[in-house]
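My questions concern the predicted model and sequence given below.
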Amino acid sequence: MSADPPSSPALRASDADRDRVTELLRAAVADGRLDPVEFVERLDAALAARTVDALTPLVADLIAVPGGDALTTPFAGIPAEPIPELVTIKERHGTVRRDGRWTLPRRLELRTAWCDVMLDLTSAVRGAPELVIELRVTGGNVELVLAPGMVVDANELSVRHSMLEIGRDAGDTTPQTLHVRLVGRMRHGRLATRWQPPHR
């Protein structure tokens, strides 16, 4: 009787693998699928994981496809393609709306004049811990719709004859999942933030 063949060695996890798992965990706590305690426990385990087999259980219940079979790759729920470095939105005397599942770049340039702008980040795909929004806005309204765990920093934003209604965070204990940094300038406009409650 032949001996059983030796088992294949466990596949070592790369930094990119750990980063993708970390992002999925951040998204899950932001939309209410994980509570803060679970998030911290899984995040610690992900950062310490040395193999793909150690990472897989941390996200297995977060990336299942409704009505489908188990995923054949452990991180299929997270896009592996490079994050866009820059996206520019330009509009004059119109309306801009970005919502649903759209991929956030590392830097978003908003160049508008006398427009109503709504950027809904609650379902956006986040591939980096920080989003820089550079404003060159004259007139009109800019509204940011955020998920719990997103934090806004407007210290580098220059305003003149404008109204800002910006809270730093949602006012709860959700761990930070995305740092939104506002830079640039706004003239004769209004900028406001609004946090959506977690989905239950």
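Looks like it came in fine. Residues are numbered from 1 along each chain as shown.

any idea how far residue 156 is from the nearest residue to residue 173 once chain neighbours are set aside?
Among residues not flanking residue 173 along the chain, residue 36 sits closest, at 6.0 Å (CB to CB, 6 or more residues apart in numbering). To be clear about C-beta, it is placed using only N, CA and C from the backbone, and glycine gets the same treatment. Remark: distance between residue 36 and residue 156 (CB to CB, to the nearest Å) = 29 Å.

per-domain residue ranges of the protein.
The chain resolves into domains spanning 11-80, 86-195 when parsed by automatic domain parsing.

Dump those into TSV; add mean neighbour count and mean pLDDT as well.
What follows is the domains of the chain, written out as TSV (neighbours: other CB atoms under 10 Å; pLDDT from 0 to 100):
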stretch	mean neighbour count	mean pLDDT
domain 11-80	16	74
domain 86-195	17	92
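
wait, doesn't residue 150 sit right on residue 124?
No - shown here, residue 150 and residue 124 do not form a contact pair, counting by CB atoms under 8 Å, at 10.0 Å.

and the helix ranked longest in the chain, what other elements does it pack with?
In the chain, taking DSSP state H as the definition, the longest helix is helix 15-30. Packing partners of helix 15-30 (3 or more CB pairs under 8 Å, 6 or more residues apart in numbering; DSSP states H and E): helix 36-48, helix 52-59.

who touches the longest one?
The set of residues that contact helix 36-48 without belonging to it, under CB atoms under 8 Å, 6 or more residues apart in numbering, is 18, 21-22, 25-26, 28-29, 34, 54-55, 58, 173-175.

Now for those residues: which two are most distant?
Within those, 54 and 173 form the most distant pair, 27.7 Å apart (CB to CB).

who touches the most centrally placed residue in the chain in this structure?
Residue closest to the mean C-alpha point of the chain, counted by CA atoms, centre = their mean, is residue 126 at 3.0 Å. Residue 126 makes contact with 23, 26, 27, 104, 177, 178, according to CB under 8 Å, 6+ apart.
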